[in-house]
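Participant: Sequence first, then the predicted structure:
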Amino acid sequence: MTLINALAARESSVRLQAALAAGTRADPALLEPLVARCAVEPDFFVRDMLTWALTRLPAQLTVPRLVVELRSAIPQARSQALHTLSKTGDRRAWPAITSSLLRDPDDEVARAAWRTAAGLAPEGEQEGLAVELATQLGRGDRNTRLSLSRALVALGEAAEPVLRRAAAGADPEVQAHAHATETLLRDPEAGFDVAIEEAKRIVALGPRHADL
């Protein structure tokens, strides 16, 4: 069985070993098979190994190819390309993290885009990114909201005025999420669930009663 065939084997253990071998070999000829497999691989651990294998290839080859993959119609292809770009840390990918990706209707894609953008944003772009991310406050389930909070916290001071404005808005879900993110920004060790519950209490009672 060839290495490329092994990447699509029925057993996940075989696929995992194939991805490991691809990363160890670091052959640029494997770029396309690895990217293609990322779009359809169902196993989390295999996908993570595929990402590792891609990061072992020359960035001047992988980054442009992954940027192309961001336009794929397959959500997993977009999210995995974003995840891999976050691991490369190559800021050449920054212009490709568009508003449409940051607002992607698929939560997994959006979460990957938030994390990648926060890590790649160059100096001078953080505040604009914070404004864009703030449009997604209140979105999704706990894990989605936690991902967004972490991305905003990663932006540091650039996120502070944006979160203050969001916390003063009219939507209680957005308000609570913004308040909780402010708590995490001040104290990264604070628990997200505790911060959310406290933020909901503040929103329900009003800021004047926050200390009651």
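Facilitator: Structure received.

Participant: which element is residue 34 on?
Facilitator: helix 31-38 (DSSP states H and E).

Participant: and whichever strand or helix holds residue 65, which residues are buried?
Facilitator: If you go by DSSP H and E, residue 65 is part of helix 59-69. Buried residues in helix 59-69, counted by 16 or more other C-beta atoms under 10 Å: 59, 62-63, 65-67, 69. (Glycine included, C-beta is placed from N, CA and C.)

Participant: Next up, the contacts around residue 7.
Facilitator: Counting by C-beta atoms under 8 Å, 6 or more residues apart in numbering, residue 7 touches 15, 18-19, 22, 33-34, 37.

Participant: related to what we said a few turns ago, got the buried residues for the helix holding residue 34?
Facilitator: Buried, per 16+ other C-beta under 10 Å, within helix 31-38: 31, 33-38.

Participant: want to throw the buried residues of helix 59-69 into a markdown table with distance to residue 27 and pLDDT?
Facilitator: Shown next, in a markdown table, are these (distance: C-beta to C-beta, whole Å; pLDDT from 0 to 100):
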| residue | distance to residue 27 | pLDDT |
| --- | --- | --- |
| 59 | 15 | 96 |
| 62 | 13 | 97 |
| 63 | 17 | 97 |
| 65 | 14 | 98 |
| 66 | 17 | 98 |
| 67 | 21 | 98 |
| 69 | 19 | 98 |
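
Participant: So what touches the following helix or strand past the helix holding residue 65?
Facilitator: Using DSSP H and E, the helix or strand that follows helix 59-69 in sequence is helix 75-88. For helix 75-88, contacts defined as C-beta under 8 Å, 6+ apart pick out 35, 38-41, 47, 50-52, 54-55, 59, 62-63, 66-67, 69-72, 93, 97, 101, 104, 106, 108-109, 111-113, 115-116, 119-120.

Participant: wait, what's in contact with the spatially most central residue of the chain?
Facilitator: The structure's the chain has its C-alpha centroid closest to residue 112; by C-alpha atoms, centre = their mean the separation is 2.2 Å. By C-beta under 8 Å, 6+ apart, the residues touching residue 112 are 78-80, 82-83, 86.
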